[in-house]
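Visitor: Predicted model, plus sequence, below.
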Amino acid sequence: MLSNFNQATRFDAFMHFALYHPQHGYYSRGDRIFGRDGDFITAPELSPLFGQTIGKAIRGVLPRCNGVVYEFGAGTGQLACDVLSSAGDLVTQYNIVDLSGGLKTVQLARLTAQHGPEVLKKIQWLSKLPERIQGVVLGNEILDATPVRRFKWHSNGPLEAWVQYIDDRLQFVWKPADPLFATEIQKMNALYGPWPEGFESEIAEQSTAWVRTITERLNGVALLIDYGFHAAMYYHPTRSQGTLRATSRHTAHDDFLVKVGEQDLTAHVNFSAVYEALSSCAGELEGYCHQGEFLLGHGILDLAAQQAEFTHPTLGVLLRQNLNTLLNEADMGEAFKVICWSKSVNADDTALNSVFLKHDRSGDL
């Protein structure tokens, strides 16, 4: 496998191989990567209240989108299960867009176990991006798993990270950035620097290209949840090692070139770049806020109070701990952000819009 890198390979191509190769890629491992026994746990796996609250939040816009949902990166299918629990009466079709399809069996089993075989009348799996996306787009932790270009700042010219198999191991090889990429790096330094010599970070070209494509094809509302910052924080001079990280067994580290295909590789999302991308395609920003603000605004505590398990003397402790992780500023509540935009569909006078008006942080973008 490592012989694929006998020649220098740009880091974003290496990252794509490590994550998405159909045989050797990390995501080809299926559901073994999720949950407490895997490498990381996502918000839907942490608590069903997460997806139930998202379902509640989109109830007002679903009729304006003909009840159609497109979920990207559905993982084990838990988010779909929980959205359908709180909004299924308004959902006419739930599309799971999974370009690899490796988790379809897991998703199918979970959906039918929770909602019965009748739910399959509403579920459809798509193996390619639709030409027209008419509905509500959902994505939880999608953009952070998009390959990034890694750079290093030097005043005499920025460098870009390549990967090559040398002396029986993968190593970084730093090459002068090509003119277009160098111009983009210099622009970022001018806006958010000056950076110290050797400053390293990332630019997620594939992430912003994905947002543009979704927005170009969108007739509806898009709602994405992920961890990240606005650009001024992302490229702050003190964040001199960037945001790229590897994760294995719930432990994050910076040894990106080991255990290829056996560890996750992610980078934080630059939400300012997401905003620029959607705006360039006539998308209208509905709002941007912290995950905790969004969930509280849409009544996650009311949903929790309706569940008898929360008062159980032992089980309730864990459930409350998980809820606190979703909401607490020191955990996922502030690290994760929610960004929402629309195109050709009016989201005014809905609960989704009213919560964003109350908690909107789009001024940061």
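Guide: Looks like it came in fine.
Visitor: which intervals of this structure have sub-threshold pLDDT?
Guide: The model of the chain has pLDDT under 70 over residues 30-40, 99-101, 250.
Visitor: Helices along that one, start to end?
Guide: 11-20, 43-46, 48-58, 78-87, 104-115, 179-192, 205-217, 231-234, 271-279, 291-297, 300-305, 315-327, 332-335, 351-359 (DSSP state H).
Visitor: With mean neighbour count and distance to F5 added, can I get the ones you listed in a markdown table?
Guide: To be clear about C-beta, it is placed using only N, CA and C from the backbone, and glycine gets the same treatment. As requested, these are arranged in a markdown table below (neighbours: other C-beta atoms under 10 Å; distance: least, C-beta to C-beta, whole Å):
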| stretch | mean neighbour count | distance to F5 |
| --- | --- | --- |
| helix 11-20 | 21 | 7 |
| helix 43-46 | 22 | 33 |
| helix 48-58 | 25 | 38 |
| helix 78-87 | 24 | 35 |
| helix 104-115 | 17 | 30 |
| helix 179-192 | 14 | 20 |
| helix 205-217 | 19 | 19 |
| helix 231-234 | 18 | 28 |
| helix 271-279 | 22 | 28 |
| helix 291-297 | 23 | 37 |
| helix 300-305 | 16 | 45 |
| helix 315-327 | 16 | 37 |
| helix 332-335 | 18 | 32 |
| helix 351-359 | 19 | 44 |
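Visitor: Let's have those in CSV, adding distance to W341.
Guide: Putting the helices of the chain into CSV (distance: least, C-beta to C-beta, whole Å) gives the following:
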stretch, distance to W341
helix 11-20, 25
helix 43-46, 20
helix 48-58, 13
helix 78-87, 19
helix 104-115, 26
helix 179-192, 23
helix 205-217, 7
helix 231-234, 17
helix 271-279, 5
helix 291-297, 14
helix 300-305, 22
helix 315-327, 23
helix 332-335, 21
helix 351-359, 10
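Visitor: Nearest to L244, out of those?
Guide: helix 11-20 (8.7 Å; C-beta to C-beta).
Visitor: tell me what the closest one is packed against?
Guide: If you count contacts as 3 or more C-beta pairs under 8 Å, 6 or more residues apart in numbering; DSSP states H and E, helix 11-20 packs onto strand 149-152, strand 159-166, strand 264-266.
Visitor: what sits up against it?
Guide: Here helix 11-20 makes contact (C-beta atoms under 8 Å, 6 or more residues apart in numbering) with 4-5, 9, 24-28, 100, 145, 147-150, 160-163, 172, 205-206, 260-261, 264-265.
Visitor: wait, isn't G88 in contact with G116?
Guide: No. G88 lies out of contact with G116 (C-beta atoms under 8 Å); the separation is 11.4 Å.
Visitor: Those two: who's more crowded?
Guide: G88 (17 against 9; other C-beta atoms under 10 Å).
Visitor: V97 - how many residues pack around it?
Guide: So V97, with other C-beta under 10 Å, has 20 neighbours.
Visitor: need the contact list for it.
Guide: Y70, E71, F72, A74, L126, L129, P130.
Visitor: Check R64 too.
Guide: G220, V345, N346, A347.
Visitor: Ok, V355 next?
Guide: Counting by C-beta under 8 Å, 6+ apart, V355 has contacts A57, G287, C289, E293, F294, G297, H298.
Visitor: can you put those residues in JSON lines and add distance to V211?
Guide: Formatted as JSON lines, those follow (distance: C-beta to C-beta, whole Å):
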{"residue": "A57", "distance to V211": "20"}
{"residue": "G287", "distance to V211": "16"}
{"residue": "C289", "distance to V211": "18"}
{"residue": "E293", "distance to V211": "22"}
{"residue": "F294", "distance to V211": "19"}
{"residue": "G297", "distance to V211": "24"}
{"residue": "H298", "distance to V211": "23"}
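Visitor: just to revisit the earlier point, can you say which of the contacts of helix 11-20 are buried?
Guide: Buried by 16 or more other C-beta atoms under 10 Å: 5, 9, 24-28, 145, 147-150, 160-163, 172, 205-206, 260-261, 264-265, out of the contacts of helix 11-20.
Visitor: Nearest to N324 among the contacts of R64?
Guide: Nearest member of these to N324, counting by C-beta to C-beta, is A347, at 29.7 Å.
Visitor: Give the closest residue to A273 in space, chain neighbours not counted.
Guide: T208 (5.1 Å; C-beta to C-beta, 6 or more residues apart in numbering).
Visitor: wait, the one you found sits on Y275?
Guide: No. Contact criterion C-beta under 8 Å: T208 and Y275 do not qualify, at 9.9 Å.
Visitor: so S127 touches I96, yeah?
Guide: No. Applying C-beta under 8 Å, one finds S127 not in contact with I96, separated by 10.0 Å.
Visitor: the more surrounded of the two?
Guide: Neighbour count, other C-beta under 10 Å: between S127 and I96, I96 has more, with 24 against 10.
Visitor: Show me what the more buried one is bridged to.
Guide: Applying DSSP bridges to I96 yields these beta-bridge partners: E71, W125.
Visitor: Would you mind measuring from the spatially most central residue of the chain to N156?
Guide: Ranked by distance to the mean C-alpha position of the chain (C-alpha atoms, centre = their mean), the top residue is E141 at 2.2 Å. Distance, E141 to N156, by C-beta to C-beta, to the nearest Å: 38 Å.
Visitor: hang on, the earlier thing: farthest-apart pair in the contacts of R64, please.
Guide: G220 and N346 (10.9 Å).
Visitor: quick one: which of the two has more around it?
Guide: It is G220, of G220 and N346, that has more neighbours when counted by other C-beta under 10 Å, with 24 against 12.
Visitor: How many neighbouring residues does the closest residue to the more buried one other than its chain neighbours have?
Guide: Of all residues not flanking G220 in the chain, C65 sits nearest, at 4.4 Å (C-beta to C-beta, 6+ apart). Residues near C65, counting by other C-beta under 10 Å, number 24.
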